[in-house]
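J.: Fold the following and give me the result.
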Amino acid sequence: MTKVLSFAVQDQTFRPTVPDVDDVMVSRPRALKHVQVREYVRSLVEGAEPGSPAPSERELVTRFGVARMTVRQAMDALVGEGLLERMPGKGTFVAHARRRPDRPVGFTEEMMRRGLQPESQTLLTRLEQAGPGVARALEITAGDSVFHWRRIRRADGAPVCVQDAFLNEVLLPGFLEKAMPTSLYGALTKRALQPSWAEDSITADLATETEAELLEVEPGTPVLRVARRAKCHDVVVEVSRATYRADRFTMFVQVGHEE
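T.: Modelled structure (predicted):
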């Protein structure tokens, strides 16, 4: 069974032919709920003119009978792909063609690209001696001084990850003498140390009791662990470890370039 759905596109009416919700749920019985919602929305908006409105989260919650967070995860995936874009205070729309990022971005910029309001809460800032692993990643000697900055990162007020960043003191003199910046990458850019290359290592795991308390989940809840090493040209400027709530964050990996 096929239904014809319509919604206004400026002065015209866009009428895509898409599978019924029941058909989507039956044809993908083993798919995760957010995947089912994502593919339904994809089939609805692919081919639409840029700027066309996407279905609202409230509409999708009602249509699929799922939690709002499930819908948000599905929409985040399509925003990350570049198919949709959010405009704060207005809604979500079919995206205009955009250039793929040619440099690494930090949490603050990533959340803003997704139409979310980023926030950070500092848990720890101190000068400490680099252990063997951190020293090797920063390309310094074990025992050298590094800044350790631990934060809870939030989006629209909800905890998304707990992040530990390690920074070479030699590169950032006086870093702890002023109020901590909202964005680490913004602070690095002001010092002409904007990351131009980064490598992420991503693993799936379960939240520890401490992480669960900070992320407001139950111990043993699935999480994503992301370890990053970022360089400004040939100088390592950041080594970080972050634990993300798997139900509130979708990671996108782009390979190659569009022709």
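J.: Can you verify my assumption that residue 154 contacts residue 108?
T.: No - with contact taken as C-beta atoms under 8 Å, residue 154 and residue 108 are classed as non-touching, separated by 10.9 Å. Quick note: C-beta positions are derived from backbone N, CA and C, even for glycine.
J.: Give me the common contacts of these two.
T.: 118, 120 (C-beta atoms under 8 Å, 6 or more residues apart in numbering).
J.: Can you point out the helix or strand that includes residue 160?
T.: Assessed by DSSP states H and E, residue 160 sits inside strand 158-168.
J.: for that strand, packing partners?
T.: helix 107-113, helix 132-138, strand 145-155, helix 209-215, strand 235-245 (3 or more C-beta pairs under 8 Å, 6 or more residues apart in numbering; DSSP states H and E).
J.: State the mean pLDDT of stretch 172-187.
T.: Averaging pLDDT along stretch 172-187 gives 91.
J.: chain center to stretch 134-143: distance?
T.: 28 Å (C-alpha atoms, centre = their mean, to the nearest Å).
J.: Point out the most buried one among the helices and strands packed on strand 158-168.
T.: Most buried of those by mean neighbour count (mean count of other C-beta atoms under 10 Å) is strand 235-245; its value is a mean of 21.
J.: neighbouring contacts of that one?
T.: Here strand 235-245 has contacts from 107, 134, 137-139, 153, 159-168, 171, 184, 188, 193, 195, 198, 205, 207, 211, 215, 217, 221, 223-231, 251, using C-beta under 8 Å, 6+ apart.
J.: just the buried members of these?
T.: In the contacts of strand 235-245, burial by neighbour count holds for 107, 134, 137-138, 153, 159-168, 171, 184, 188, 193, 195, 198, 207, 211, 215, 217, 223-231, counting by 16 or more other C-beta atoms under 10 Å.
J.: thinking again about what came up before, tell me which of the helices and strands packed on strand 158-168 lies nearest to residue 83.
T.: helix 107-113 (13.4 Å; C-beta to C-beta).
J.: Whatever helix or strand comes next after the closest one versus strand 145-155: what angle between them?
T.: Using DSSP H and E, the helix or strand that follows helix 107-113 towards the C-terminus is strand 118-129. Angle between the axes of strand 118-129 and strand 145-155 is 160 degrees (criterion: axes from the mean of the first three to the mean of the last three C-alpha atoms, to 10 degrees).
J.: Can you list the buried residues in strand 118-129?
T.: Counting neighbours by 16+ other C-beta under 10 Å, the buried set in strand 118-129 is 118, 119, 120.
J.: mind checking pLDDT for the nearest residue to the first one once chain neighbours are set aside?
T.: When you say that, I think you mean residue 118. The shortest distance from residue 118 to any residue other than its chain neighbours is 3.9 Å, reached at residue 111 (C-beta to C-beta, 6 or more residues apart in numbering). pLDDT, residue 111: 86.
J.: roughly how far apart are residue 111 and residue 142?
T.: As judged by C-beta to C-beta, to the nearest Å, residue 111 and residue 142 stand 34 Å apart.
J.: and if you look at residue 136?
T.: Residue 136 is 8 Å from residue 142, by C-beta to C-beta.
J.: for residue 88, same thing?
T.: Using C-beta to C-beta, we find residue 88 at a distance of 45 Å from residue 142.
J.: Those two: which is more packed in?
T.: The neighbour count for residue 88 versus residue 142, taken as other C-beta atoms under 10 Å, is higher for residue 142 (12 against 9).
J.: contacting residues for the residue lying closest to residue 142 once chain neighbours are set aside?
T.: Distance criterion C-beta to C-beta, 6+ apart; nearest residue to residue 142, sequence neighbours excluded, is residue 135 at 4.2 Å. Residues near residue 135 by C-beta under 8 Å, 6+ apart: 141, 142, 143, 144.
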